[in-house]
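Asks: next come a sequence and a model predicted from it.
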Amino acid sequence: MQPESSVAPKPERAMVALEWAIGHAERGDTTTCDAATPADFRAAAGVYLPDMRARFDRVLMAPDAEAGLDALLVSGALTAMLPEVEAMVGFGDGEWRHKDVWKHTKQVVRQAVPRLEIRWAALLHDIGKVKTRSISPDGEVHFFGHAEVGARMFDKMNRRIPLFVKEDALFSTVRFLILHHLRASQYDATWTDSAVRRFAKEMGPLLDDVLCLSRADITTKRPEKKKKGLRQISELADRVRTVQEADSVVPPLPSGIGDAFMKAFALPPSRLVGEVKRALELAVESGEIAPGLTSEEYVAFVGAQRDRFNIPK
């Protein structure tokens with residue numbers, strides 16, 4: 001084979017390589033294919049970039065995405081187009097005995113719900129680990145800040161090869177998921193309702209996507225540990241739902257209605273004030289008077305029926 005520099009790039013060869021990877025992912029093909037060169041992929045990106053993205057999408061969304069990702073590696077596509085992903089291959093399971101990040105990533109992609117934004121985030125969520133690995137004196141491996149580093153790497157990746165051009169929403173969602181993919185796994189039962197509320201607010205409309213990615217990110221081979229991790233995320237989802245449901249309930253009576261009764265009817269602080277409020281709440285629940293009115297309107301309603309509410313004249 002001639003050196004790459006002396007061979008004219010063939011963008012069609014890159015497209016054939018991507019189709020070959022799709023065959024592995026979608027149909028379980030076992031054929032072989034000559035790897036395209038980085039120059040082939042660069043040339044293809046200059047003219048076929050949207051079509052190349054579509055082929056990557058098909059691999060990620062396929063029934064056997066793991067086989068497709070391995071085929072992308074063999075084809076040269078990862079080396080040429082996504083070196084941040086290719087760098088994870090063989091990173092781990094070696095001297096420092098942390099899980100192989102490439103094997104983990106492929107499993108996360110496979111386990112992720114088949115939504116494009118989540119599958120892309122699953123592929124890219126750990127790219128920051130390669131740049132952040134540290135070893136403590138006792139031999140423990142850490143990846144401090146890898147989510148933040150991964151999000152910045154994703155920014156640079158998209159500037160280098162704009163796979164998400166004209167798809168700002170998809171780009172923003174994938175970036176958000178990379179940045180926040182650890183958040184749900186940090187939950188424990190000691191979180192207060194305020195902490196749960198703050199988490200839900202920060203995740204905003206992407207809360208469900210964050211939880212889905214977090215579930216997929218559990219790849220331990222220990223059944224009890226996996227069950228515990230999934231249970232923890234489910235508990236967080238339940239807590240969020242409970243807090244949001246409680247927050248969505250509109251109080252039937254306005255704040256300070258008791259003070260309004262005392263002022264309007266010259267009542268001292270007493271049990272009677274509470275009884276008036278409870279009787280008024282029952283009237284609201286029965287539909288006799290609408291909820292959410294002003295204090296003045298409720299005072300007028302009660303004042304017109306003083307005997308019913310046991311208010312002295």
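Replies: Cool, the structure landed.
Asks: would you list every one of the strands in this protein?
Replies: Secondary structure of the chain by DSSP state E: the strands cover 134-135, 141-142.
Asks: list the contacts of the first one.
Replies: Taking contacts as C-beta atoms under 8 Å, 6 or more residues apart in numbering, the residues outside strand 134-135 that touch it are 96, 141-144. C-beta here means a position set from N, CA and C on the backbone, and glycine is covered the same way.
Asks: again with stretch 277-294
Replies: Outside of stretch 277-294, the residues within contact range by C-beta under 8 Å, 6+ apart are 250, 252-254, 257-258, 261, 298, 301-302, 308-309.
Asks: in helices, which of those residues appear?
Replies: Using DSSP state H, 257-258, 261, 298, 301-302 are the members of the contacts of stretch 277-294 that sit in helices.
Asks: chain center to stretch 147-162, what's the gap?
Replies: From the chain centre to the centre of stretch 147-162 is a distance of 17 Å (C-alpha atoms, centre = their mean, to the nearest Å).
Asks: let me fix that: stretch 146-160
Replies: 17 Å.
Asks: give me the neighbour count for residue 211.
Replies: 18 (other C-beta atoms under 10 Å).
Asks: can you name the residues that contact it?
Replies: Contacts of residue 211 by C-beta under 8 Å, 6+ apart are 184, 233, 236-237.
Asks: returning to what we had before: among the ones in helices among the contacts of stretch 277-294, which two are most distant?
Replies: 258 and 301 (15.0 Å; C-beta to C-beta).
Asks: so what's the residue count around residue 274?
Replies: Residue 274: 12 neighbours (other C-beta under 10 Å).
Asks: give the contact list for it.
Replies: residue 258.
Asks: and for residue 78?
Replies: 69, 72, 85-86, 89.
Asks: looking at those, which are in helices?
Replies: Using DSSP H, the contacts of residue 78 in helices are 69, 72, 85-86.
Asks: tell me, what's the model's pLDDT at the spatially closest residue to residue 39 that is not a sequence neighbour?
Replies: With sequence-adjacent residues excluded and distances taken as C-beta to C-beta, 6 or more residues apart in numbering, residue 39 is closest to residue 9, at 3.9 Å. pLDDT, residue 9: 91.
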